[in-house]
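Sequence and predicted structure below; questions after.
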Number of protein chains: 4
Amino acid sequence: MYSFNNDYSEGAHPLILKQLFSTNEDQSVGYGLDEHTKRAEELIKKKIDCETADVHILVGGTQANLIAVSSFLRPYEAVIGVETAHIAVHETGAIEATGHKVITVPSVDGKMTAELIASVLERHTDEHMVKPKMVYISNTTEVGTHYTKCEIKELYEFCQEHNLYFYIDGARLASALTVEDNTMFLCDYPNYCDAFYIGGTKNGALFGEALVIVNDNLKEGIRYSMKQKGGLLAKGRLLGIQFETLFTDDLYMKIGEWANQMGRRMRVGIRTLGYPFLYDSYSNQLFPIFPNEVIEQLSKEFVFSVDSKVGEDHSCVRLVTSWATKEEEVDRFLIYLSELTNKEI
Amino acid sequence: MYSFNNDYSEGAHPLILKQLFSTNEDQSVGYGLDEHTKRAEELIKKKIDCETADVHILVGGTQANLIAVSSFLRPYEAVIGVETAHIAVHETGAIEATGHKVITVPSVDGKMTAELIASVLERHTDEHMVKPKMVYISNTTEVGTHYTKCEIKELYEFCQEHNLYFYIDGARLASALTVEDNTMFLCDYPNYCDAFYIGGTKNGALFGEALVIVNDNLKEGIRYSMKQKGGLLAKGRLLGIQFETLFTDDLYMKIGEWANQMGRRMRVGIRTLGYPFLYDSYSNQLFPIFPNEVIEQLSKEFVFSVDSKVGEDHSCVRLVTSWATKEEEVDRFLIYLSELTNKEI
Amino acid sequence: MYSFNNDYSEGAHPLILKQLFSTNEDQSVGYGLDEHTKRAEELIKKKIDCETADVHILVGGTQANLIAVSSFLRPYEAVIGVETAHIAVHETGAIEATGHKVITVPSVDGKMTAELIASVLERHTDEHMVKPKMVYISNTTEVGTHYTKCEIKELYEFCQEHNLYFYIDGARLASALTVEDNTMFLCDYPNYCDAFYIGGTKNGALFGEALVIVNDNLKEGIRYSMKQKGGLLAKGRLLGIQFETLFTDDLYMKIGEWANQMGRRMRVGIRTLGYPFLYDSYSNQLFPIFPNEVIEQLSKEFVFSVDSKVGEDHSCVRLVTSWATKEEEVDRFLIYLSELTNKEI
Amino acid sequence: MYSFNNDYSEGAHPLILKQLFSTNEDQSVGYGLDEHTKRAEELIKKKIDCETADVHILVGGTQANLIAVSSFLRPYEAVIGVETAHIAVHETGAIEATGHKVITVPSVDGKMTAELIASVLERHTDEHMVKPKMVYISNTTEVGTHYTKCEIKELYEFCQEHNLYFYIDGARLASALTVEDNTMFLCDYPNYCDAFYIGGTKNGALFGEALVIVNDNLKEGIRYSMKQKGGLLAKGRLLGIQFETLFTDDLYMKIGEWANQMGRRMRVGIRTLGYPFLYDSYSNQLFPIFPNEVIEQLSKEFVFSVDSKVGEDHSCVRLVTSWATKEEEVDRFLIYLSELTNKEI
């Protein structure tokens, strides 16, 4: 059984493991104040071309999101996300557990729009309702789509006009940055949002997400919040070493490229066999629609998840590729699918 | 500069790193449902001789404590700890951030007693005050002392009589389990508490703490709480692999033994040179009292922290040893100290 | 300017004020343990025909809801409500501020259905999502509609089958109980829900809501939660005296009847003049649709709120009647409206 | 049985009740935006001689404290109070339930000192500990003592120097303002603190506490927090009317004066009979020490609470007077005590 279930099925990219190995005996100070973490932060700031940003490396995505939101917002302020947003659905109410409402709006292909935000602002008019104060998006989105620079710019400008913070969840940022027609580069992020995080866990690290805070007003006290929420790792250098490696010799981009390349190979193959997709995604997450019988057969050889039913006889499945995905397994999947397809006929 | 500053200055015990390396390419399911984690849980349950316990491996100590407390207690219930308790002082109000008060009492050598708990119960009589519901201790304590089985039994029985949960923070459990005259073995823990955690971070792991829930009433929903608080690691197997290794061939005990052995070497040496200790500790944490001038000189060669002032001219420092401590560095410290001592004379 | 803006524009029903006056000099114990409160609780338990229920009188509706939800649910459990639910929209995230997610579903005439609940359960399958544990409805609803006994029974049975608590917000319960074709009597409530509250503020009291807990499992510690959330009134007897009065000589029902009677008079009048209603309500809240010009004119003589736009030229307004509504003012409104209507023609 | 148990045993001062009565039929807008509340706010701002202050009237003291603290502080910031502070002991962890730690220090006669605050600042040095950000005192204190202007000024200046907010709980402010040698007048408060509240509940109102925010930085969003925490009363005018009355013709001061006068009569009488006091209080709360047998006898005729044991045979009791205390009952108490005292001899 080979798994296309997600992009965190394997360990770390070998270069990362090598670095952990070679630094293992060194002594360093704890809690992210070590030299590796400092170097990682500097590398990131250079790459995003923003020396004034604050970088804090956290262990996981839910942790990064809950620390960011609860640190940035006042108690009665709320965050707006699309209905499929990770913080709205798949974090077991982590944001609410810090006291903040997540206001959801239907999405367009998993994406937020200025109109959707406007509709929320219109409805929230006084102190009997929460105060919308932050917009959350993911890039790539939870359904594999990605934002253009133009779209992100429009969202950010709308947020600025309406005194809202704009925060981007980059759990799969490597894929977003290297998607075929990408126009939103790493150095653009500080210009078009107040804060974002650069995902490590799903992009080749053992774990780790680098929270980047651009807006000066949001910087204060974040390490207190990190400690309070269980997000300061004693051996913080583990995070530093990983991001140091990811941001050396463009490893982060290479990881995204390979993931997307395998995604493309998979996508083209599936499309060629005549199957439609629920979402028009060009990243490392694909959502093809198969007959339920085909899915049943595929499940005998490959691991993946069923996203949703499509009519009576079909379902949408989610296939995910990563830095670790083997080309031959993609091909084996396509051949197997092709055989199933022919049988059908 | 060699560091005796803490027991998390280095990476992981080499055997752990080796295991991470050799399993790196394997695919596994996420979030702690993989085979390694299951095996680690089984190994732990065998070692503590309690098949009915639930084991959940978390990333860090503050995280383990805040998840345990907030999952075990109702909103108005409070936890009792000594004034030096980690949850009371060094977790940036993590427990309070989940809504619960930490009631503190002065300690006896860093330890809790039944009398101290009784004094809290006496004062908390009705719904205008929080309801004390849980007793928290650390073993070893924050000041390096350890509990005898007799002491822990007394605390547990008192808790049982008074309908209180008894929870043991085992951040430094390896040291507690292998301290010279230890009488409280790993298999005793399930008999004398409702829940405890087996620390990994400070005992040779890269990170990781295994929360063991013995009391059936406290088991429900803990994985929901883990996810909500950012404590479910996507690549959960990293935790599994580490505890699998720690609980194979008694590595966990060996790690504790070496840390204590280095502690003892240090302690005997310091005592021989005529210096007193603030706490009578036999574990891997020592709190000797030195003249401030001596401390200043020591600081030029070794890293450690100053715990507290003792009079005008002296201070208590904290020295910590671990699995990674080098015998020759302990000796170098003692020789250096001896030279400083003679100079003084 | 006469106000139909809400049902809390005036003070208290004169009989309540009289009782506050006549007991003013008496001394009593504080925090709801006084004789008046005990008597009120007994009167309520008699009226609902449920001696085993616990009754706790709170100051306001948001307070009652946040105390109930946060006391009943474990940290990761969520409450389901319709999109117009008071807790979802008009309590400034009070529920979320206690750590719990409010999951919303579109409503059918402001009402919840078993199908809507089922759709939520289907989507929430594991610990990566909150655990739906409670269903919240209001009777009458936020849009003036009311539930039949049949509907409530169906919801309750669905909840029971799926291990969900069923909670009814009775902010406007007097109106619900006395609506023309009502089939859900006060004594039915304990049979068809786990907890509910009997609203005082909008039904003739100065303030006060009587939380009734039927399910034994939800009773523990509620007074601790009340105190913790600022909901224990020092002069608790004020609440007791008011509910004592409301539940003597059926005052509560009389108050509901008058409010509904005025509502009916208003409704019939408006309908006769040919205006449609956005919601088919028979209670003390009406949602007629008027041309914007008519609304503008009405606003010069009467106070009320605009609920929502209906097309370009029309809007839905909310008109509320109460125990204090004067018949002549209803008539004046209708005459005035009739004149505006004729002018239009 | 006559009660000296507290200052909230009776209803409201007759003038307040009269006003509630005479305004009962008026219609007004809800939630504290009515004319009465505005007038009350103006009257208070005039009395404290601070036009720029914001005034918000809340229902109860615990509510006022939890709203103030949670609105003023960031998530990791803590409030410092003495061990006997109401927020530390008698609010069921209300502050912690909003996520904030209450750091306690031993008191001097129930009072805070700059030295005590300094000791906390010294211990809280980095992000592993909460950040002390607010100092809480009560005037009069929980043990009946009061602060001089000099003491309050010193505390405020210390707070200013150390970037701490200074907040005064005025649950018994009327008594503090009218204590014999008082030097801290109402108009001084805005000059020497960032926020304070003027207690109504214990000073003749049915309920109500007027939160006064002086520091501009603390004003934002407070009405959102009030609503979120259940602190916006629908019939907000009830609060307005009461404070309007309290601040007309110096009723508030008269109420304090009578309470203190009765306290003094009681104090002088008890002292004359030779009994000592645990705290040297000149306000409406007295803490005399009686032999346990005397207490037993007194309990047959009067209601009061036992504060604490003093040795084997004696206890300290708390006696509280108020606007409603009857002079003849004070005298009856003293005569009865005198008889018990003679019997003893």
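Thanks, I have the structure now.

CA only for contacts and neighbour counts going forward, please
OK.

which stretches of chain A form helices?
Ranges of helices within chain A are A:14-22, A:35-47, A:61-72, A:86-89, A:94-97, A:114-123, A:149-161, A:173-177, A:222-228, A:237-246, A:251-272, A:292-298, A:327-344, based on DSSP state H.

Tell me if the third one is near chain C.
No - no part of helix A:61-72 sits near chain C under the criterion C-alpha under 8 Å from any C-alpha of the partner chain; the closest distance found is 10.3 Å.

Any part of that helix near chain B?
Yes - counting by C-alpha under 8 Å from any C-alpha, contacts between helix A:61-72 and chain B involve A:61-63, A:66.

Adding distance to residue A:321, write those out as CSV.
Shown next, in CSV, are the residues of helix A:61-72 next to chain B (distance: C-alpha to C-alpha, whole Å):
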residue, distance to residue A:321
A:61, 19
A:62, 21
A:63, 24
A:66, 27
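
Roughly how far does the residue lying closest to residue A:340 once chain neighbours are set aside sit from chain C?
Nearest-residue entry for residue A:340: residue A:294, 6.4 Å, with adjacent residues in sequence omitted and distances by C-alpha to C-alpha, 6 or more residues apart in numbering or on different chains. Note on residue A:294: its distance to chain C, by C-alpha to the nearest C-alpha, to the nearest Å, is 24 Å.

Give the burial count for residue A:294, as a bare number.
Residue A:294 has 18 neighbouring residues, counting by other C-alpha atoms under 10 Å in any protein chain shown.

Repeat that for residue A:31.
20.

pretty sure it is touching residue A:235, no?
Yes - here residue A:31 reaches residue A:235: they are 6.1 Å apart, a contact under C-alpha atoms under 8 Å.

for the helices of chain A, which one sits closest to residue C:306?
Nearest to residue C:306 among the helices of chain A is helix A:114-123 (12.6 Å), distances taken as C-alpha to C-alpha.

which regions of chain A sit below the pLDDT cut-off?
Under the criterion pLDDT under 70, the flagged ranges of chain A are A:344-345.

What are the neighbouring residues in contact with residue A:314?
A:289-292 (C-alpha atoms under 8 Å, 6 or more residues apart in numbering or on different chains).

next one: residue A:220
Applying C-alpha under 8 Å, 6+ apart to residue A:220 gives no contacts.

With residue A:115 instead?
For residue A:115, no contacting residues are found, by C-alpha under 8 Å, 6+ apart.

how near is it to residue A:159?
Separation of residue A:115 from residue A:159 (C-alpha to C-alpha, to the nearest Å): 11 Å.

Also residue A:292?
Residue A:292 is 43 Å from residue A:159, by C-alpha to C-alpha.

just residue A:52 next, same as before
For residue A:52, the distance to residue A:159 (C-alpha to C-alpha) stands at 21 Å.

ok, the two, which is more surrounded?
Neighbour comparison, residue A:52 and residue A:159: the larger count goes to residue A:159, with 21 against 12 (by other C-alpha under 10 Å).

show me what contacts the more buried one?
A:135, A:165-166.

could you redo the last one with a cut-off of 10 Å?
A:114, A:117-118, A:133-135, A:153, A:165-166, A:193-194 (C-alpha atoms under 10 Å, 6 or more residues apart in numbering or on different chains).

ditto for residue A:55
A:37-38, A:40-42, A:44-45, A:195-198, A:210-214, A:219.

and if you look at residue A:161?
residue A:155.

And the contacts of residue A:159, which of them are buried?
Among these, those classed as buried by neighbour count (16 or more other C-alpha atoms under 10 Å in any protein chain shown) are A:117, A:133-135, A:153, A:165-166, A:193-194.

just these now: which is nearest residue D:262?
Each of these was checked against residue D:262 using C-alpha to C-alpha; the closest is residue A:133, at 52.5 Å.

so that closest one touches residue A:166, yeah?
Yes - counting by C-alpha atoms under 10 Å, residue A:166 is a contact partner of residue A:133 at 8.8 Å.

what touches both of the two?
The contact lists of residue A:133 and residue A:166 share A:79-80, A:159, where a contact means C-alpha under 10 Å, 6+ apart.

Which of those residues sits closest to chain C?
residue A:79 (11.4 Å; C-alpha to the nearest C-alpha).

Quick check: the closest one touching residue A:168?
No - counting by C-alpha under 10 Å, residue A:79 does not reach residue A:168; the two are 12.0 Å apart.

between these two, what contacts are shared?
Counting by C-alpha under 10 Å, 6+ apart, the residues touching both residue A:79 and residue A:168 are A:135-136.

which of the contacts of residue A:159 sit farthest apart?
Using C-alpha to C-alpha, the two most remote members of the contacts of residue A:159 are A:118 and A:194, lying 18.7 Å apart.

rewinding a little: most widely separated two among the residues of helix A:61-72 next to chain B?
Pairwise over those, using C-alpha to C-alpha, the maximum falls at A:61 and A:66, 8.5 Å.

between these two, who's got more neighbours?
Between residue A:61 and residue A:66, counted using other C-alpha under 10 Å, the more crowded position is residue A:61 (29 against 26).

ok, so what distance separates the more buried one from residue C:317?
45 Å.

Identify the residues contacting the residue most central in space within chain A.
For chain A, the residue sitting closest to the mean C-alpha position, by C-alpha atoms, centre = their mean, is residue A:171 at 2.1 Å. Residue A:171 makes contacts with A:60-62, A:64, A:86, A:138-142, A:196-203, A:208-210, as judged by C-alpha under 10 Å, 6+ apart.

what about residue A:25, how many neighbours?
Number of residues near residue A:25 (other C-alpha under 10 Å) recorded here: 15.

What of residue A:21?
Here the count is done by other C-alpha under 10 Å, and residue A:21 has 16 residues near it.

list the contacts for it?
Neighbouring residues of residue A:21 by C-alpha under 10 Å, 6+ apart: A:15, B:11-12, B:14, B:17-18, B:21.

For it, give its distance to chain C.
According to C-alpha to the nearest C-alpha, residue A:21 stands 33 Å off from chain C.

Likewise for residue A:49?
For residue A:49, the distance to chain C (C-alpha to the nearest C-alpha) stands at 35 Å.

thought that residue was touching residue A:41?
No - with contact defined as C-alpha under 10 Å, residue A:49 does not reach residue A:41; the gap is 11.9 Å.

These two: who's more crowded?
residue A:41 (25 against 16).

Distance check, that one against residue A:7.
Taken as C-alpha to C-alpha, the span from residue A:41 to residue A:7 is 24 Å.

same question, residue A:291
Taking C-alpha to C-alpha, one finds residue A:291 at 25 Å from residue A:7.

out of these two, which sits in the more crowded spot?
The neighbour comparison of residue A:291 against residue A:7 (other C-alpha under 10 Å) goes to residue A:7, with 25 against 17.
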